[in-house]
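[1] Here is my input, please return the structure:
(one chain, ligands or ions: 2)
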Amino acid sequence: MPRFAANLTMMFNEHAFLDRFQAAAAAGFTAVEYLFPYDFPAELIAGKLSEAGLKQALFNLPPGDWAKGERGLAALPERRQEFRQSVKKAIDYGRTIGTPLLHMMAGIASPDDPAAQGSYRDAVAFAADAAGAEGIGLVIEPINGRDMPGYFLDDFDRAAEIITSLGHSNLKLQFDIYHRQVMRGDVLTALQAMMPLIGHIQIASVPKRHEPGTGELDDFRILRELDRLGYEGYVGCEYRPAAETTAGLDWLKNL
Ligand SMILES: O=C(O)[C@@H](O)C(=O)CO
Ligand SMILES: [Mg+2]
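    Ligands and ions are numbered 1, 2, ... in the order given. Below you'll find the predicted structure:
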């Protein structure tokens, strides 16, 4: 079975963010991911990881003003300057925390707008170059429009085309099984076809985004298929526990 990373943005919400590292380790996780570390100094987060004996799997670049509904800056041409500063900030954090991967969100913009398209391609290339210079991988993630209306990168084939055509060796796809199923279904075929492009995988049940094994897909079959396909990265447990986080971890024992 693949290696799992607890997503500390969604899991262990019974605890304050900085206490979730220890809680994840106590529950048996060896790695974590989360959306954003930027409310805290990078050194503090690095200390929490090392005290808990955890590895960092991934976190996101700063997304703009999340509270105001912003979901990334990459496809927003008028925010280019701020975007480039956000790349620097993420890489500074990444260096201190020791992340192998950064996820860059695209932003709320029409996928049909040529200015957004140009801005996005330019941003992906810029961030991939900058992260690559530090030995860090960059991933982009198609997100379904029901959870995130208006999100620019709302299609797996388009993400694959961008990755392939830009051709940066450290630029990969973040394949969130939950988003794929909501958007298009056909999960196993897409995993097989896109595996060479995949840098990170996340999982949650569909439709409620709860624990794997509680929704409409055979999540365990999909996880076994990842082994068969030779996937060696982490699978981020990016789900909202149906009740208390540790009480819902039995699915890991049933693999
Ligand atoms: O799937 C998601 O929502 C996340 O992986 C993310 O990075 C943006 O919210
Ligand atoms: Mg995700």
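[2] Name all residues that make contact with the residue in the chain that ligand 1 sits nearest to.
    Closest approach between the chain and ligand 1, counting by C-beta to the nearest ligand atom: D176, at 4.7 Å. For every residue, glycine as well, the C-beta is placed using N, CA and C. Counting by C-beta atoms under 8 Å, 6 or more residues apart in numbering, D176 makes contact with 141-143, 201-204, 238.
[3] hmm, 10 Å instead?
    103, 141-144, 147, 156, 182-183, 200-204, 236, 238 (C-beta atoms under 10 Å, 6 or more residues apart in numbering).
[4] Which ones among these also lie next to ligand 1?
    Contacts with ligand 1 are made by 103, 141, 143, 202, 238 out of the contacts of D176, judged by C-beta under 6 Å from any ligand atom.
[5] how far away is the second one from F17?
    What that stands for is E141. For E141, the distance to F17 equals 21 Å [C-beta to C-beta, to the nearest Å].
[6] Kindly report the same for the third one.
    Here the criterion is C-beta to C-beta. By it, I143 lies 22 Å from F17.
[7] Now do the same for M10: helix, strand or coil?
    coil (DSSP: H, G, I helix; E, B strand; the rest coil).
[8] and the closest residue to it other than its chain neighbours, how many neighbours?
    Spatial nearest neighbour of M10, chain neighbours left out: R240 (5.2 Å); criterion: C-beta to C-beta, 6 or more residues apart in numbering. If you count neighbours by other C-beta atoms under 10 Å, R240 ends up with 17.
[9] Go ahead and confirm R240 touches K208.
    Yes. Using C-beta atoms under 10 Å, R240 is in contact with K208, at 7.7 Å.
[10] Got the confidence number for whichever residue of the stretch 101-250 of the chain sits closest to ligand 2?
    Nearest residue of the stretch 101-250 of the chain to ligand 2 (C-beta to the ion) works out as D176 at 3.6 Å. For D176, the model assigns a pLDDT of 99.
[11] Beta-bridge partners for it, please?
    Per DSSP bridges, the residues bridged to D176 are Q202.
[12] all helices of the stretch 101-250 of the chain, in order?
    For the stretch 101-250 of the chain, the helices defined by DSSP state H, counting those that start in this stretch cover 114-132, 156-166, 177-183, 187-194, 219-228, 250-253.
[13] Any residues of the chain in contact with ligand 2? List them.
    176, 202, 238 (C-beta under 5 Å from the ion).
[14] ok, the first one to D219 distance?
    Going from D176 to D219 by C-beta to C-beta gives 13 Å.
[15] Show me whatever sits in contact with both of those two.
    If you check D176 and D219 against C-beta under 10 Å, 6+ apart, the residues they both contact are 203-204.
[16] can you give me the strands in this structure?
    Assigned by DSSP state E, the strands in the chain fall at 3-7, 31-33, 55-60, 101-103, 137-140, 171-176, 198-203, 234-237.
[17] Which among those strands is found nearest to S110?
    strand 137-140 (17.2 Å; C-beta to C-beta).
[18] starting at the chain centroid, how far to that closest one?
    Centre-to-centre, strand 137-140 and its host chain are 9 Å apart (C-alpha atoms, centre = their mean, to the nearest Å).
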